[in-house]
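Participant: After the sequence you'll find the predicted model.
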Amino acid sequence: MNRAAPAEPAGDLLTTEQVMDILIADANLRRRAATCVLPAVRVGSRTYFRRRDLEAWRDRELAVSE
């Protein structure tokens, strides 16, 4: 059975892979992300993360670590 490739998410939505790329780049964020739940949305069977939610979480976490 041929399946179509999944559609790319809208500009404000990030895939799990994109979020991992962002988190891996910063050791502080990587440690904090391992112990929390990031806000996400489901679209069908796929999970996406809103860019603005991730950026707000990142800003809060970095402010706490200062």
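Facilitator: Great, that's in hand.
Participant: give me the low-pLDDT residue ranges for this structure?
Facilitator: Where the chain drops to pLDDT under 70, the residues are 1-10, 65-66.
Participant: Apply 90 and report the result again.
Facilitator: 1-12, 22-41, 43, 57-66 (pLDDT under 90).
Participant: Excluding its own residues, what touches the longest helix along it? List them.
Facilitator: Counting residues, the longest helix found in the chain (DSSP state H) is helix 51-65. The contact list for helix 51-65 (C-beta atoms under 8 Å, 6 or more residues apart in numbering) reads 11-14, 19, 22, 28-29, 32, 36, 38-39. Just so you know, the C-beta spots here come from the backbone N, C-alpha and C atoms, and that holds for glycine as well.
Participant: Mark which of the residues you listed are part of helices, please.
Facilitator: 19, 22, 28-29, 32.
Participant: out of the contacts of helix 51-65, which are buried?
Facilitator: Buried members of the contacts of helix 51-65, counted by 16 or more other C-beta atoms under 10 Å: 13-14, 19, 22, 29, 32, 38.
Participant: May I ask which two of those residues are separated the most?
Facilitator: Leu13 and Arg32 (21.6 Å; C-beta to C-beta).
Participant: The residue nearest to the spatial centre of the chain and Arg50, how far apart?
Facilitator: Residue closest to the mean C-alpha point of the chain, counted by C-alpha atoms, centre = their mean, is Val19 at 3.5 Å. Using C-beta to C-beta, to the nearest Å, Val19 is found at 10 Å from Arg50.
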